[in-house]
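Q: Return atomic coordinates for the entry below.
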Amino acid sequence: MGILSLHTPIGDLTVFDNDDGAIIALDWGWVEEQEPTPLLKEAKCQLDLYFDGALTKFDLPLAPHGTAFQNKVWQAMVNISYGKTKGYGDIALALNSGARPVGTACGRNPIPIIIPCHRVVGAGGALGGYSGEGGTVTKTSLLALEGAFDVPSFYE
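A: Numbers count the residues shown, from 1 in each chain. Down below sits the predicted model:
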């Protein structure tokens, strides 16, 4: 398994890949003993471009570990365009589910940012939650970076 950490405006992040050549996780924090792979170097490059505002869609092989339902929710999140949001209820309706199970799947997303759970919001545009470090402050910053909301962020 490969491991690579990077500095970002929302804090240090560490990306992990598997032996099959796919990203399996993105966590907050820095890992001292890293094992960079070509895929992780590409992920770092794409994340740097994203935080610079120069990348709007990630092009990386992903293999998040979860239930069949969670994977459907995560795929729905990948399909939300940069700078746009979709409600928990909208995703639930498309998957013939309830908003709470969708919210639970969002909270268990193992590859945040790349699988953009920050683009999923509550009814009426309420932020809802965010499981990444910094909670809704980080979610707000990511949405502000993308121009989805006119909100204060780390980028000001």
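
Q: Show me which helix runs longest in the chain.
A: Taking DSSP state H as the criterion, the chain has its longest helix at helix 38-51.

Q: Show me where the chain has its helices.
A: 38-51, 68-78, 88-94, 99-107, 136-146.

Q: what residue ranges in this protein are flagged as low confidence?
A: 150-156 (pLDDT under 70).

Q: As CSV, the helices of the chain with distance to P116 and mean neighbour count would be great.
A: Bear in mind the C-beta positions are built from the backbone N, C-alpha and C, glycine included. Listed next are those as CSV, based on distance: least, C-beta to C-beta, whole Å; neighbours: other C-beta atoms under 10 Å:
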stretch, distance to P116, mean neighbour count
helix 38-51, 10, 17
helix 68-78, 6, 18
helix 88-94, 12, 18
helix 99-107, 10, 19
helix 136-146, 8, 20
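
Q: Now distance to I10 too, for those, in TSV please.
A: Listed next are the helices of the chain as TSV, based on distance: least, C-beta to C-beta, whole Å:
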stretch	distance to I10
helix 38-51	8
helix 68-78	18
helix 88-94	22
helix 99-107	17
helix 136-146	5
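
Q: of all these, which lies closest to W30?
A: Comparison of the helices of the chain against W30 by C-beta to C-beta identifies helix 38-51 as nearest, at 13.0 Å.
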